[in-house]
Structures are given as structure tokens and as C-alpha cells.
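K.L.:
Quick check, what structure comes out for this input:
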Amino acid sequence: MGFPGTWMTQSESMVYRVVPKCACSTIGQIMYYSDHGVFFDGDIHDATSGLHKWSMEDSQPRITANVKAHKSFAFTCVRNPYTRILSSFFDKICGIQRNGRRYRGNMVPQLIHRYGIEVGGDDGKQEFDQIASFRRFLLFARDTIRWKKPMEPDIHWSAMSGHVATFIANGGRYDHIFFTEKFNEGMQTVLDRTETPHKVDLATIPRFNESEGHGPKRAHPVEAYFDDLSMHLVYEIYKRDFQLFKYDFENPGNKMPLSEVDLDEVHAKLKD
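P.N.:
Below is the predicted model:
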């Protein structure tokens, strides 16, 4: 299985396990800049050079050798499950993607037909009942994760613990897991503990939110989208994420973690 979703700087200063919807565009650009002194021109997910990625065959032996020997500082970044699933809905379900089309072809028409979801019209910009549609999307997300129907779960709403676990299961060990909600603090720890060819000043780094503008703006506070039933569904899908990454299940309006991540606990619980 190897190390899917793993990126490494060409200088091998750091290794990062990507977790979708958790500041991965910004982290990838920081990694690229730390090696080359410039940002990648475009979406870092499209870069096919300047960064080692598991998805590129030539990079796999280098990543494997590094991770197995724990040669470099290894880290990942996580996010509150409530805001992450909301972000996935507005970006991937309601939004028009970089290629000018809907995400994953016929998935959105299928959702409209099967689950009665509205997405804001053809361009994602019309008004619609965001709360009702999001709650129906949650049912779909749960169905994909629990029963793999009507399709396999998508990486953007599958549990963070599943992404994080593959790195551990195949012999990797994290030195740091930090929160999107405390991004500068967490990323600074990475930079303080690595030697990079180019110095990175986090205060001047732009945020590369590649999903921004894809879909409609969220019209309500986070907690408005989650009634008792939808909180139950979220817990059914993301129970392990709440427990391991210390987020507040009881209060969808509290996006901040309740404590730091216990790395030993994460490794112990996700190694199998």
C-alpha cells in the first residue's frame, strides 16, 4: 500500500501526510517555497515537479526510504469535523470546480435526484435552503462511508483518522499533528524543527485556499446546520476524529480543539 497522500520536499527537509480540506494547499505551497524560494504558479495539487508526491511513481522509492527510516520531520494537519464537512459541501457539492464543471461528473445530478439536494442552480450562485440541503448531503456522506453506496466515500469527506492512519500502518511515525484552527502556531513548529534551503516567514505567506469562490458563501453560523439528528450522523461518521484530535462534539459552534493531540495515543490507536 505504501504511503498514499504523502508529500515530501525535494531537499527531504520535511514529510507531510495530506488530509483533504485541512489547509493542504497552503502547506504544499510552503513546502515548495521552502525548497525553491518561490511559490508554485497554480494549484499545488497540479504540480508534477518541485515536490515529491506519492502519486508520482518516481517519488515513491524516495518517500518510502525516507519514511521507513524516519529521516525527516513528519507531520500532518487536522480540522474540526463540523467545519470540514461543511466546507466539503459548499466546495465539492455546490461549487463549480477549476475545470468549469461539477465535481466528479454525474455525482451532483445523482444527489439532486436521489437525496433531494439543491446546489444553487447551474452556477452554484442562486439562493437555496442551505441548511436543508446540507443535512441531506450528510445522509449521503454517511451512506458512502457506512455502506459504500451509492458510491465509495470521497477523500474530502472520509474521516481524517483514515487518512492519518495509512502513514502509521505502513511504518511511518508523526513528529507533529497540528490544527488548521491554530495554523500559524502549528506550522511554525514544523519550520522551527526543520532546516530548509529557503527561510519561510509565516507572517507574509498568503493563504492558498484553492476552494474559495467555487461555491456559494455559507449563509449561517456553523451551529445552525447541525440539529440533533445531523450531530448524531456526524458523530457516527467522525467519532474517532473527535476523540483522537480533541475536538468538541457537544458544541458545533466551538471550532477550536479542547486540548493538544496526544501523538502516542494516535499511533497506538491507528497502527492496525
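K.L.:
Show me the shaky parts of the stretch 101-250 of the chain.
P.N.:
Along the stretch 101-250 of the chain, the parts satisfying pLDDT under 70 run over 210-214.
K.L.:
Let me see the ranges of the helices in the stretch 1-150 of the chain.
P.N.:
Counting by DSSP state H, counting those that start in this stretch, the segments of the stretch 1-150 of the chain that form helices are 24-36, 60-69, 81-88, 107-115, 130-147.
K.L.:
for the helix or strand following the last one, which positions count as buried?
P.N.:
Just to be clear, that refers to helix 130-147. Tracing the chain past helix 130-147, the next element assigned as helix or strand by DSSP states H and E is helix 160-169. Neighbour-count burial for helix 160-169, counted by 16 or more other CB atoms under 10 Å, picks out Met160, Ser161, His163, Val164, Ala165, Thr166, Phe167, Ile168. Every C-beta, even on glycine, is put in place using the N, C-alpha and C of the backbone.
K.L.:
Okay, angle between helix 160-169 and helix 60-69 too, please.
P.N.:
Calculated by axes from the mean of the first three to the mean of the last three CA atoms, to 10 degrees, helix 160-169 forms an angle of 80 degrees with helix 60-69.
K.L.:
what comes into contact with the following helix or strand past helix 160-169?
P.N.:
Sequence-wise, the next helix or strand downstream of helix 160-169 (DSSP H and E) is strand 176-179. Defining contact as CB atoms under 8 Å, 6 or more residues apart in numbering, one finds that strand 176-179 is touched by 73-79, 164, 185-187, 189-190, 193, 245, 256-257, 261, 263, 266.
K.L.:
among those residues, which ones are buried?
P.N.:
73-79, 164, 186-187, 189-190, 245, 257, 261, 266.
K.L.:
re earlier: do you know which of the helices of the stretch 1-150 of the chain lies nearest Asn209?
P.N.:
Proximity to Asn209 (CB to CB) singles out helix 24-36 among the helices of the stretch 1-150 of the chain, at 6.6 Å.
K.L.:
still on that earlier bit, tell me which of the helices of the stretch 1-150 of the chain sits nearest to Gly172.
P.N.:
helix 60-69 (4.5 Å).
K.L.:
Quick one: list the elements packing against the closest one.
P.N.:
Helix 60-69 is packed against strand 6-9, strand 14-17, with contacts defined by 3 or more CB pairs under 8 Å, 6 or more residues apart in numbering; DSSP states H and E.
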